[in-house]
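Student: Give the three-dimensional model of this entry:
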Amino acid sequence: MKNHHKYLTKRLIDTCLREDLFGIVSQASILHTPLDAAANWDQLKTHQHWLIFSIEEHTLYLPIEAGYYMQHWFYFDEGWLQKYQGKITKQSGYEQWIQLLKVCASEGSQALLEAYLEELQCAESHGLLCDKAYHSQKKKLSHPFSELTPWDEQLLLADQIASYLDHPYYPTARAKFGFNAQDLVKYAPEYSNSFALNWLAVEKSLVTLTSDQPDCWPTMEAAGLPADFALSHVLIPAHPLTFSTLNTLPQGIIKAPNAVLDVVPTLSVRTVVVKNSPETHIKVPLVMRTLGTKNIRLIKPSTIYDGHWFERLLAHLEQTDQRLNGLYFHCDEQHGGHVGEDKTFAYIVRSYPLQHASEKALIPVAALAGLMPDSRLFLEHLAEQYYHGDILQWFTDYVNLLNQTHLTLWLRYGIALESNQQNAILAISREGKMSLAMKDNDAARIWPKQFKPFEEHAPVKLGQLLDQRILVEDEQALAQMYTTITLQLDIAAIVEAMAHAGVATSATLYTIVRRSIENNLDELESAGCNTGFARQHLLEDDFFYAKYLLSSGSLLSKQASGAEDINKFYGKSAPNFLKLTSEKLQKNHIDQLNQYN
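Tutor: Below is the predicted model:
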């Protein structure tokens with residue numbers, strides 16, 4: 001069982017270095033020889049690389065290691081030295097790191113750092129509970145995936161496998177802030193227990209329904225209300241944790257006495273699967289915060305409409321574009337309900353089309369690097385069961401699927417999807433052919449200049465979008481989305497997991513990725529697309545954009561970061577790993593980093 005305190009400390013410090021938080025890298029110097037001040041500490045006295053950062057009366061001596069993936073420097077993970085008023089002490093642990101950050105931070109970030117310390121403590125506690133859940137579920141996790149029937153059991157198991165793996169880049173992703181230990185057992189995918197939804201009866205004049213409610217919806221009597229309430233009210237679902245906080249309700253909304261309709265949590269936690277109608281997933285507001293204490297998991301009503309807008313557009317493009325045909329299918333997301341603009345009284349229904357879903361294994365990308373009870377990665381099991389064990393062919397097909405889909409959407413239509421590891425769903429047929437199941441595309445980006453030529457024949461119009469942040473002014477915003485989501489989260493994080501597990505070298509895998517991008521760009525250019533910006537950004541620039549989640553989501557105010565959207569705040573600081581096309585180049589690159597100052 002891992003040391004979660006040490007693990008979180010390293011993740012926190014590495015993220016601070018990646019995001020140059022409070023100038024900790026850009027205003028530091030790098031020393032490439034052993035540090036005299038480290039002579040009294042065994043693990044550090046011969047260490048070769050040090051980041052030296054001074055502010056006020058404090059000087060930080062941080063042992064670092066060179067790297068090529070997402071950042072130049074990584075914390076050596078053996079504590080650090082701090083000089084204050086002439087005295088040098090060795091420090092370690094995320095509590096002392098937060099105290100150091102407080103010295104660097106402005107007054108506006110002091111409270112945010114205190115709140116983040118609570119998030120770290122929550123992540124440590126939840127990490128221990130996650131370990132216990134994993135060990136208690138080993139027998140279930142060990143069942144051969146391809147033998148599970150029906151399809152919905154496969155999807156739920158894949159979600160459960162994914163739930164034990166942290167987000168690659170946000171340090172305290174393990175924290176479900178607002179959940180206690182009992183809540184995790186009842187409502188989290190790590191345990192995958194079923195529970196019954198609560199319900200609110202809302203006067204019809206107050207609620208907006210985008211279409212008829214599903215057949216699985218309970219009656220008023222089942223929810224414990226008089227039957228004639230159906231004449232004046234409609235039922236909207238509420239997660240039990242959210243329901244328990246609704247002590248004062250607006251006029252026209254009442255709590256139904258009975259919890260009814262058994263569901264099972266998915267990886268997103270706030271989206272649940274209806275047990276007796278497993279193609280039906282219901283997304284409900286949840287008083288929980290993940291990926292930052294600013295990121296409360298309620299539902300903005302505009303996302304109901306914008307998500308359905310993208311569903312219609314993407315389904316149309318799959319049918320009409322030869323390059324996209326057969327690469328994906330989209331879930332039906334036309335139904336939802338909301339009470340005005342209130343984020344607490346809203347829901348979305350997502351229906352998986354059975355003609356596609358029932359014939360395929362559905363697997364979120366978040367599950368691929370999950371560690372199975374036999375110490376292999378989940379993706380190794382998939383390659384064995386669907387690809388006759390040819391893991392490099394599996395990886396090649398996987399990367400080509402993602403690139404053909406997302407580069408076509410970007411370069412032909414000016415569309416970039418926020419298809420992160422949770423939303424990107426692989427659909428693998430019994431014959432081993434891969435496609436994507438798309439969902440939850442309410443936070444995409446569209447460049448109107450690129451999209452306009454196709455708008456006339458599209459089933460939707462740009463003017464119908466409610467969240468104007470979806471519309472971007474230039475191609476750079478599309479590059480940022482593709483790079484930080486598809487390339488870094490969905491591809492590079494999988495490469496690094498495979499390399500760490502010894503499945504293949506990172507240089508071999510990145511060569512496959514680069515070749516896939518080059519081939520897709522060549523094909524799109526031959527078809528008349530302008531690929532110049534993408535080639536420069538993806539294949540020639542020394543640095544990629546990286547998403548600065550910790551800065552914008554937790555430690556900087558919006559005023560300090562300037563981020564209009566905390567989930568889309570970037571810095572161009574991630575080394576371009578696509579230039580690492582051989583082990584020799586990789587070694588040379590790291591040697592060059594040793595000269596970096």
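Student: Run the chain-centre distance for stretch 376-396.
Tutor: Distance, stretch centre to chain centre, for stretch 376-396: 23 Å (Cα atoms, centre = their mean, to the nearest Å).
Student: quick one: average confidence on it?
Tutor: Average pLDDT, stretch 376-396: 95.
Student: Report pLDDT for the nearest residue to L578 once chain neighbours are set aside.
Tutor: Using Cβ to Cβ, 6 or more residues apart in numbering and skipping residues adjacent in sequence, the residue nearest L578 is R514, 4.6 Å away. Using the backbone N, CA and C atoms, a C-beta is placed for each residue, glycine as well. If you check R514, the pLDDT there is 97.
Student: Repeat that for N594.
Tutor: Looking at N594, its pLDDT reads 45.
Student: now G23
Tutor: 92.
Student: what's the answer for E359, then?
Tutor: On the pLDDT scale, E359 gets 84.
Student: For it, list the residues it contacts.
Tutor: W151, S429, R430 (Cβ atoms under 8 Å, 6 or more residues apart in numbering).
Student: repeat that for 6 Å
Tutor: By Cβ atoms under 6 Å, 6 or more residues apart in numbering, E359 lies in contact with nothing.
Student: can you check G178 too?
Tutor: V287, M288, R289.
Student: min pLDDT across the residues you listed, which one?
Tutor: R289 (78).
Student: what's the distance between it and P240?
Tutor: 17 Å (Cβ to Cβ, to the nearest Å).
Student: quick one, which of those two is more surrounded?
Tutor: R289 (21 against 16; other Cβ atoms under 10 Å).
Student: ok, that one to A115 distance?
Tutor: R289 is 10 Å from A115, by Cβ to Cβ.
Student: before we move on, what about E124?
Tutor: From E124 to A115 the distance is 15 Å (Cβ to Cβ).
Student: cool, N530 as well?
Tutor: N530 is 45 Å from A115, by Cβ to Cβ.
Student: Please say which of the two ends up with more neighbours.
Tutor: Comparing N530 with A115 by other Cβ under 10 Å, the one with more neighbours is A115, at 16 against 13.
Student: that's a strand at that one, yeah?
Tutor: No: membership of A115 in a strand is not supported by DSSP: H, G, I helix; E, B strand; the rest coil, which gives helix.
Student: picking that back up, how about JSON lines for the contacts of G178, with secondary structure and distance to M372 added?
Tutor: Formatted as JSON lines, these follow (DSSP: H, G, I helix; E, B strand; the rest coil; distance: Cβ to Cβ, whole Å):
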{"residue": "V287", "secondary structure": "strand", "distance to M372": "33"}
{"residue": "M288", "secondary structure": "strand", "distance to M372": "27"}
{"residue": "R289", "secondary structure": "strand", "distance to M372": "30"}
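Student: which residues touch stretch 442-453?
Tutor: Contacts for stretch 442-453 (Cβ under 6 Å, 6+ apart): 303, 306-307, 310, 413-418, 462, 470-472, 477-478, 481.
Student: Please repeat the previous calculation with a cut-off of 7 Å.
Tutor: Applying Cβ atoms under 7 Å, 6 or more residues apart in numbering, the external contacts of stretch 442-453 come out as 303, 306-307, 310, 413-418, 462, 470-472, 474-475, 477-478, 481.
Student: Filter those down to just the buried residues.
Tutor: Neighbour-count burial (16 or more other Cβ atoms under 10 Å) applied to those gives 303, 306-307, 310, 413-418, 470, 472, 475, 477-478, 481.
Student: quick one: secondary structure of T9?
Tutor: helix.
Student: Specify the local secondary structure of N520.
Tutor: helix.
Student: I'd say it and L407 touch.
Tutor: Yes: look at N520 against L407 with Cβ atoms under 7 Å: they come within range, at 4.7 Å.
Student: Does the nearest residue in space to E56 that is not next to it in sequence lie in a helix or a strand, and which?
Tutor: Counting by Cβ to Cβ, 6+ apart, the nearest residue to E56 once its immediate chain neighbours are dropped is V103, at 6.2 Å. Here V103, judged by DSSP states H and E, is contained in helix 94-104.
Student: elements contacting that helix?
Tutor: Applying 3 or more Cβ pairs under 7 Å, 6 or more residues apart in numbering; DSSP states H and E, we find helix 94-104 packed against helix 4-18, helix 107-136.
Student: From L324, how far off is L401?
Tutor: 11 Å.
Student: swap in G23?
Tutor: From G23 to L324 the distance is 44 Å (Cβ to Cβ).
Student: likewise A173?
Tutor: For A173, the distance to L324 - Cβ to Cβ - is 31 Å.
Student: Least reliable of the helices and strands packed on helix 94-104 by average pLDDT, please.
Tutor: The weakest mean pLDDT among these belongs to helix 107-136, with a mean of 92.
Student: Confirm for me that L261 is in contact with K275.
Tutor: No: with contact defined as Cβ under 7 Å, L261 and K275 do not form a contacting pair (8.3 Å).
Student: who has more neighbours, these two?
Tutor: Between L261 and K275, counted using other Cβ under 10 Å, L261 has the larger neighbour count: 24 against 16.
Student: so who does that one touch?
Tutor: A196, L197, C216, P218, V274 are the contacts of L261 under Cβ under 7 Å, 6+ apart.
Student: Backbone dihedrals for the fourth one, please?
Tutor: Here the main-chain torsion angles of P218 (degrees, to the nearest 10) amount to phi -70, psi 160.
Student: got it, and A201?
Tutor: According to degrees, to the nearest 10, A201 has phi -100, psi 120.
Student: For it, which non-adjacent residue is closest in space?
Tutor: According to Cβ to Cβ, 6+ apart, the nearest residue to A201 is H233 (4.2 Å).
Student: Run through the bridge partners of the one you found.
Tutor: Beta-bridge partners recorded for H233 (DSSP bridges): E203.
Student: For it, which residues are in contact?
Tutor: Here H233 is in contact with A201, V202, E203, K204 (Cβ under 7 Å, 6+ apart).
Student: Next: K186.
Tutor: So K186 contacts N193, F195 (Cβ under 7 Å, 6+ apart).
Student: what do you get if the cut-off is 6 Å, keeping everything else the same?
Tutor: Contacts of K186 (Cβ under 6 Å, 6+ apart): F195.
Student: what about it, which SS state?
Tutor: helix.
Student: For it, give its distance to H126.
Tutor: 14 Å.
Student: and if you look at I30?
Tutor: 35 Å.
Student: same deal with H4?
Tutor: The value you get for H4 to H126, if Cβ to Cβ is used, is 9 Å.
Student: quick one, which of those two is more surrounded?
Tutor: H126 (24 against 18).
Student: my read: the more buried one touches R174, true?
Tutor: Yes: if you go by Cβ atoms under 6 Å, H126 and R174 touch, sitting 5.0 Å apart.
Student: The helices and strands packed on helix 94-104: which one's closest to L509?
Tutor: Ranking those by their distance to L509 (criterion: Cβ to Cβ) puts helix 4-18 first, at 21.0 Å.
Student: Show me what that closest one is packed against.
Tutor: On a contact count with 3 or more Cβ pairs under 6 Å, 6 or more residues apart in numbering; DSSP states H and E, helix 4-18 meets strand 73-75, helix 94-104, helix 107-136.
Student: Deepest-packed of those, please.
Tutor: Looking across those with neighbours counted as mean count of other Cβ atoms under 10 Å, the highest average goes to strand 73-75: a mean of 20.
Student: That one: how far from the chain's middle?
Tutor: 22 Å.
Student: List the neighbouring strands of it plus their orientation.
Tutor: strand 58-66 (antiparallel).
Student: tell me the average confidence for the partner strand?
Tutor: 95.
Student: angle of that strand against helix 4-18?
Tutor: Orientation of strand 58-66 against helix 4-18 (axes from the mean of the first three to the mean of the last three Cα atoms, to 10 degrees) gives an angle of 90 degrees.
Student: Strand 58-66 vs helix 94-104, what angle?
Tutor: Using the same axes, to 10 degrees: strand 58-66 against helix 94-104 is 120 degrees.
Student: residues in contact with strand 58-66?
Tutor: Contacts of strand 58-66 (Cβ under 6 Å, 6+ apart): 35, 44, 47, 49-53, 73-74, 76, 80-84, 103, 590, 593-594.
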